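>>> After the sequence you'll find the predicted model.
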Amino acid sequence: MQSLQQAEAQDTSPIDPSQELRTAAQHAGRQQWTIPHSVTPLWKHQGSLPTLPVPDLYQTCLRYLASVRPLLSDSEFADTRASVVDFALSGDGARLQRRLVARAKAQPHTSWLLAWWNDIAYLTDPSPVVFFVSYFYTFKDLSPYLPPPRTQSPQCSVAARLVFEMLAFRDLVVSGALSPDVAGGRPQCSATYSFLFHSSRVPSQPPRDSVVTYPPHAHSHVVVLRNRRLLRLDAA
């Protein structure tokens, strides 16, 4: 992979990921969605966190009806309610509920929902993840917070500052020194931090893609898009 300076001089794109992605896809099996255990701050509570409970069947039915009510006409809702009542009372609901409880008991170290969620939300939908699944953010004007000299086009300065802060945050995640999220005085699961950096969705055999996570200590560069070229900037 070319450096930024070489690419600028040769007016070429320094990144051709096709071979690397093909290799990664060939060696990528099903991602094992498990919760890491460690004594570092980010992970130290993982072993004591409660598992995701399986909701009560009838509460699930009631919540479903409440969620669809604003979307349906009176006649449509009446039909939907009849179908939900039949599902809950006919035995089908109880049978599926038992299978769900059994699935949760068979996976005591992870979530019964996690693999399904990742497959459906991320790996079987070819749509861009950032726009259609994950959150994304815009930034307020950061130019007042930049050190002098300030220019009329501070885009590069803002980008450099964001990269600097992002790399500092990455070091906290990779080392496990980051404090876990806390809600209501209780630490939250940190499992998804494992995929915040150095991970990529790689096209694989249908019906799902694969997730590949690269060794963080072997990858300390960022990719810069400039003038329709992809440039590698070593940040170590």
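Great, that's in hand.

>>> got the CA positions of the longest helix seen in the chain in PDB?
Assignment by DSSP state H gives helix 155-175 as the longest helix of the chain. Provided in PDB are the C-alpha atoms of helix 155-175 (Å, rounded to 0.1, in the frame of the first residue of the first chain):
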ATOM      1  CA  GLN A 155     -11.500  21.300   6.900                       C
ATOM      2  CA  CYS A 156      -8.100  19.600   7.100                       C
ATOM      3  CA  SER A 157      -7.500  21.000  10.600                       C
ATOM      4  CA  VAL A 158     -10.900  19.800  11.700                       C
ATOM      5  CA  ALA A 159     -10.200  16.400  10.200                       C
ATOM      6  CA  ALA A 160      -6.800  16.200  11.800                       C
ATOM      7  CA  ARG A 161      -8.300  17.100  15.200                       C
ATOM      8  CA  LEU A 162     -11.000  14.400  14.900                       C
ATOM      9  CA  VAL A 163      -8.500  11.800  13.900                       C
ATOM     10  CA  PHE A 164      -6.300  12.700  16.800                       C
ATOM     11  CA  GLU A 165      -9.100  12.400  19.300                       C
ATOM     12  CA  MET A 166     -10.400   9.200  17.700                       C
ATOM     13  CA  LEU A 167      -7.000   7.600  17.900                       C
ATOM     14  CA  ALA A 168      -6.800   8.500  21.600                       C
ATOM     15  CA  PHE A 169     -10.200   6.900  22.100                       C
ATOM     16  CA  ARG A 170      -9.100   3.800  20.100                       C
ATOM     17  CA  ASP A 171      -6.100   3.400  22.500                       C
ATOM     18  CA  LEU A 172      -8.500   3.300  25.500                       C
ATOM     19  CA  VAL A 173     -10.700   0.700  23.800                       C
ATOM     20  CA  VAL A 174      -7.800  -1.500  22.600                       C
ATOM     21  CA  SER A 175      -6.100  -1.400  26.000                       C
END
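
>>> Need the mean per-residue confidence for the next helix or strand after it.
The helix or strand immediately downstream of helix 155-175 is strand 182-183, counting by DSSP states H and E. Taken as a whole, strand 182-183 carries a mean pLDDT of 93.

>>> elements contacting strand 182-183?
The helices and strands touching strand 182-183, judged by 3 or more Cβ pairs under 8 Å, 6 or more residues apart in numbering; DSSP states H and E, number zero. (Glycine included, C-beta is placed from N, CA and C.)

>>> Begin at 285 from now on, thanks
From this message on, residue numbering opens at 285, which makes the last subject strand 466-467.

>>> Beyond that strand, next helix or strand please.
Sequence-wise, the next helix or strand downstream of strand 466-467 (DSSP H and E) is strand 470-471.

>>> Show me what that following strand is in contact with.
H329, L333, P464, D465 (Cβ atoms under 8 Å, 6 or more residues apart in numbering).

>>> What residues sit buried inside the longest helix of the chain?
Neighbour counts over helix 439-459 (16 or more other Cβ atoms under 10 Å) mark S441, V442, R454, V457, V458 as buried.

>>> for it, the distance to its chain's centre please.
In terms of Cα atoms, centre = their mean, to the nearest Å, the centre of helix 439-459 is set 19 Å apart from its chain centre.

>>> Need the outlier residue of the protein, farthest from its centre.
S359 (38.8 Å; Cα atoms, centre = their mean).

>>> The chain: strands as residue ranges?
Using DSSP state E, the strands found in the chain span residues 466-467, 470-471, 483-486, 494-497, 505-510, 513-518.
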